[in-house]
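In: Here is my input, please return the structure:
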Amino acid sequence: MNQNSSGNQRHIDWSAGRWTHEPAAARVTPEGVLLATAVESSDAWRHTSYGFVHDTEHALVAPFAPGSAMEVEFGTPFSEQFDQAGIFVRASDERWVKAGIEFADGVPQIGAVVTDGRSDWSASSAPAWGDTRVTFRVSWADDALTIRARREDASWQLVRLLPFEAREEVTAGPFLCAPTRAGLEVPFYDWRAGAPDGSLH
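Out: Alright, predicted model coming up:
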């Protein structure tokens, strides 16, 4: 699949997913946009540095198989510390990945958290990615997940490459969290699945 095209991806209906934790509100507009509102203090994290476990993220997930890709297109109306949304990949309570835009220290960040018992966090400042429309894609090929992202219709950029050996009962889909406030509403414009990217480069 061409890394700069979503043409081979098929739309996934919002009704095909199930929430890991129900949001405060969720509705689909006549135009097909999912508007989800996060519960205050919702988050996903395990142990590292902060010393706590949060497993209250709102992730709308459907089956995700090896040899496929999934992507989520969403808006980034973030203004409070740790407002976040993107794509969530779940193998179990202790093995999961989230990637997206997170508002941290006053700036939107392109980030990913990889969790295998304990969480890590990588983030890169991305001021231009606030209040815009972005897409995050996860490709699962062989023993790895490749995470890419793009703003509007710009070229894809690599966010993370990580080993991933789970095979059964893996799910993925859009997610949002609002660790520090109530009232965060995120628009999700599309949810797609298809063939994985053909190569890392």
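In: Poorly predicted segments of this structure, please.
Out: Where the chain drops to pLDDT under 70, the residues are 1-7.
In: which one in this protein is furthest away from the centre?
Out: P30 (23.7 Å; C-alpha atoms, centre = their mean).
In: just to confirm, which helix or strand has the residue nearest the centre of the chain in it?
Out: Nearest residue to the geometric centre of the chain (C-alpha atoms, centre = their mean): I87, 1.5 Å. Following DSSP states H and E, one finds I87 within strand 84-90.
In: Next SSE downstream of that strand?
Out: The helix or strand immediately downstream of strand 84-90 is strand 95-104, counting by DSSP H and E.
In: so what strands line up beside that next one?
Out: Here strand 95-104 has these sheet partners by DSSP bridges: strand 84-90 (antiparallel), strand 107-116 (antiparallel).
In: Deepest-packed of those, please.
Out: When the strands paired with strand 95-104 are scored by mean count of other C-beta atoms under 10 Å, the highest mean neighbour count falls to strand 84-90 (a mean of 27). For glycine as for every other residue, the C-beta is placed from the backbone atoms N, C-alpha and C.
In: still on that earlier bit, what does the strand holding I87 rub up against?
Out: Here strand 84-90 makes contact (C-beta atoms under 8 Å, 6 or more residues apart in numbering) with 20, 44, 57, 59, 61, 64, 70-72, 74, 76, 78, 96-103, 111, 136-138, 145, 147, 164, 170-179, 186, 188.
In: quick one on the thing from earlier: want to throw the strands paired with strand 95-104 into a markdown table with distance to R10?
Out: What follows is those, written out as a markdown table (distance: least, C-beta to C-beta, whole Å):
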| stretch | distance to R10 |
| --- | --- |
| strand 84-90 | 16 |
| strand 107-116 | 25 |
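In: which ones are touching S79?
Out: F103.
In: What backbone torsions are found at the residue farthest from the centre of the chain?
Out: phi -60, psi -20 (degrees, to the nearest 10).
In: Can you tell me how far it is from D197?
Out: Shown here: P30 relative to D197, a distance of 33 Å by C-beta to C-beta, to the nearest Å.
In: try G111
Out: G111 is 20 Å from D197, by C-beta to C-beta.
In: try E80
Out: Remark: distance between E80 and D197 (C-beta to C-beta) = 33 Å.
In: Compare these two (neighbour count), which wins?
Out: D197 (18 against 13; other C-beta atoms under 10 Å).
In: what bridges to the spatially closest residue to that one that is not a sequence neighbour?
Out: Once flanking residues are discounted, D197 sits nearest to S139: 4.4 Å by C-beta to C-beta, 6 or more residues apart in numbering. As for beta bridges, S139 partners with A69, T146 under DSSP bridges.
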